[in-house]
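>>> Sequence first, then the predicted structure:
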Amino acid sequence: MTRPSRTTSWLLAAGVAALYLLHQDYWFWDSARPLVFGFLPIGLFYHAVYSLAVAGLMWALVRYAWPGHLEVDAPAEAEAGTDGPPAGEPKP
């Protein structure tokens, strides 16, 4: 996998920063009203939507920014039935 473009890296970093700031939600703490769909408190609905947004961002981070070199040796070790050398021994 190749490195993400500079624009992609900046967009992903901006997404992480935006969701970090949005997680500090103090605006729905005072009241359970309004109710979304007639039964769901607004704070709970906010966190459900926030969780979906974070999951989408995590997918994008793995898809576009995951380092490819971490996956190179995985298939060979899986075929051998090992997780790698025992602790303390260097990898061949």
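Arrived safely, thanks for sending.
>>> Now the residue nearest in space to the middle of the chain. Its backbone dihedrals?
With distances taken as Cα atoms, centre = their mean, the residue of the chain nearest its centroid is M58 (2.3 Å). Its backbone dihedrals place M58 at phi -60, psi -40, with angles given as degrees, to the nearest 10.
>>> Look at it and report its pLDDT.
Per-residue pLDDT puts M58 at 96.
>>> where along the protein do the strands fall?
Secondary structure of the chain, counting by DSSP state E: strands at 35-36, 40-41.
>>> For A53, give its distance to V72.
Separation of A53 from V72 (Cβ to Cβ, to the nearest Å) stands at 31 Å. C-beta here means a position set from N, CA and C on the backbone, and glycine is covered the same way.
>>> which regions of the protein sit below the pLDDT cut-off?
Applying pLDDT under 70 to the chain picks out residues 1-2, 73-92.
>>> Tell me how many other residues crowd A65.
14 (other Cβ atoms under 10 Å).
>>> Contacts only, for it.
The neighbours of A65, taking Cβ atoms under 8 Å, 6 or more residues apart in numbering as the test, are 4, 8-9, 12.
>>> try 7 Å
When contacts are counted by Cβ atoms under 7 Å, 6 or more residues apart in numbering, A65 is found next to 4, 9, 12.
>>> which of those are buried?
Applying 16 or more other Cβ atoms under 10 Å to these, the neighbour count classes 4, 12 as buried.
>>> Using JSON lines, please lay out the contacts of A65 together with distance to P41.
As requested, the contacts of A65 are exported to JSON lines (distance: Cβ to Cβ, whole Å):
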{"residue": "P4", "distance to P41": "38"}
{"residue": "S9", "distance to P41": "37"}
{"residue": "L12", "distance to P41": "31"}
